[in-house]
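>>> Sequence and predicted structure, then a few things I'm wondering about:
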Amino acid sequence: MPDMPTSHRTLRHASRFAWLAWVLCGALALWGPAGAQDLKIGYADEELRPFAMGNGQQRPNPPGIYIDLINQIASELGITVSYQRQPTKRGQHLLKTGELDAYFSLSYRQDRLDLGHFPMHNGAPDASKRIGAIAYHLYKLDKSRVDYDGTTIKNVGGPIGVNLGYSIADDIRKMGLAVEEVKSTEANLKKLQLGRIAAFAGQDVDTDVWLEHKDYANIVKLPLPLASKDYFLLFSKQYLAVHPDTAHKFWTRLGEIRDETVKKLAPMYR
C-alpha cells in the first residue's frame, strides 16, 4: 500500500486533536474547576444588621459580615460569587429549583431539607459549620401585659407578628398561639403600634436597631429569648451533585474562620 500523502496525514492528526480538544472542553465544563467558578448566592432583601446590610437590591460597602465571610472563602477557593437579593420565600424557591446555587441564612427545619443541603453530621445539622447564630425575642408595647417566662407567652390578646418565612412562626404555633406573617420587621413594628398584633417575635440583631429610632420609643424588648438558632449557608441539591468538594470546603472553612473573622470585622459595623 502506498504511503499516505503528508497533507492527508496532517489533516488526520489535526482532526484527532480537534476531537480530543472538544472532548476535553466538554469534560472541563461538566467536572472541572471552570464549572465551579461562578457561584450564585441569594439572601433576603431586608437588612439584617450587621450580617447583611441594605434593603432591596442594595449591596452597600461594607456589605455585611456574612457577605464578608463568603467573599473571603470564595477568594481562597478561586470562586467568583454573584449575589441576588429577594424576599425569603422567593429565595427558598429559587434554591429548590436550582436557579440559585446557595442561600443564606436559614435555620434548620426538617421540611427545609427539600430546599437544599445543610452541612450535616450524624443525621443532624453540624453547628460547627454554621454561618452564624441569632436569638429571637418578643417585642411589645410598653403598656402591654404580654409576658414570657422562658416557657409560656402570657396575657396574649391577639396574634403574634412574625416576618414572612421565618422559622420562629412554627415554634409559636406549637404553643397554641395565632401568628400573622408580613414581609418585614418595619411592617411588624408598625402593626404592633397600631394594635393589630399583640407582640412581635423578631431577631434581636435586626429589631434592636429599629428600636433605637425615636418612632419606636414605646416598644420594649422582653429579656428572655424565645429561641436561639444556628443559621446556615445552604447549597442547592443541583449544585452539590456537581460540586460536592467545593460545597464541603466552603462549610469547613466557615467553621474554621467564622468566630475570629466576626470579631475582627465587628468594629466596622458599629
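Done, it's in.

>>> can you map out the helices along this protein?
In the chain, the segments counted as helices under DSSP state H are 6-31, 65-77, 88-97, 168-174, 185-193, 204-211, 237-242, 244-265.

>>> per-residue pLDDT, the closest residue to residue 63 other than its chain neighbours?
Leaving aside its chain neighbours, residue 63 sits nearest to residue 53 (5.7 Å; criterion: Cβ to Cβ, 6 or more residues apart in numbering). Where C-beta positions appear, they are placed from N, C-alpha and C, glycine not excepted. Per-residue pLDDT puts residue 53 at 93.

>>> For beta bridges, what are the partners of residue 38?
With DSSP bridges as the criterion, residue 38 is bridged to residue 80.

>>> Tell me how far it lies from residue 129.
Distance from residue 38 to residue 129, counting by Cβ to Cβ, to the nearest Å: 23 Å.

>>> Next: residue 242.
For residue 242, the distance to residue 129 - Cβ to Cβ - is 20 Å.

>>> So for the two, which residue has more residues nearby?
residue 129 (22 against 14; other Cβ atoms under 10 Å).

>>> ok so, going back, from memory the residue nearest to residue 63 sits against residue 62, does it?
Yes. Counting by Cβ atoms under 8 Å, residue 62 is a contact partner of residue 53 at 6.7 Å.

>>> Mind listing the shared neighbours of these two?
residue 269 (Cβ atoms under 8 Å, 6 or more residues apart in numbering).

>>> domains in this structure, as residue ranges please.
35-131+231-269, 134-229 (automatic domain parsing).

>>> Enumerate every residue touching the residue nearest the centre of the chain.
Residue closest to the mean C-alpha point of the chain, counted by Cα atoms, centre = their mean, is residue 104 at 1.0 Å. Contacts for residue 104 (Cβ under 8 Å, 6+ apart) come out as 41-43, 66, 70, 131, 231-234.

>>> Redo those as JSON lines? Include pLDDT.
Output for these, formatted as JSON lines (pLDDT from 0 to 100):
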{"residue": "41", "pLDDT": "98"}
{"residue": "42", "pLDDT": "98"}
{"residue": "43", "pLDDT": "97"}
{"residue": "66", "pLDDT": "96"}
{"residue": "70", "pLDDT": "97"}
{"residue": "131", "pLDDT": "97"}
{"residue": "231", "pLDDT": "95"}
{"residue": "232", "pLDDT": "98"}
{"residue": "233", "pLDDT": "98"}
{"residue": "234", "pLDDT": "98"}
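
>>> where's the closest residue to residue 231 other than its chain neighbours relative to residue 41, distance?
Closest residue in space to residue 231, ignoring its immediate chain neighbours: residue 105 at 3.7 Å, by Cβ to Cβ, 6+ apart. Using Cβ to Cβ, one gets 11 Å for the distance from residue 105 to residue 41.

>>> again, but for residue 126
Distance from residue 126 to residue 41, by Cβ to Cβ: 19 Å.

>>> Tell me which of those two has more neighbours.
Taking neighbours as other Cβ under 10 Å, residue 126 and residue 41 compare with residue 41 leading, 22 against 17.

>>> The more buried one and residue 85 touch, don't they?
No. In this structure, residue 41 is not within contact of residue 85 by Cβ under 8 Å, at 10.0 Å.

>>> who touches the nearest residue to residue 125 once chain neighbours are set aside in this structure?
Distances taken as Cβ to Cβ, 6+ apart put residue 108 closest to residue 125, at 4.2 Å, once the chain neighbours are dropped. Counting by Cβ under 8 Å, 6+ apart, residue 108 touches 118, 125, 229-230, 232.
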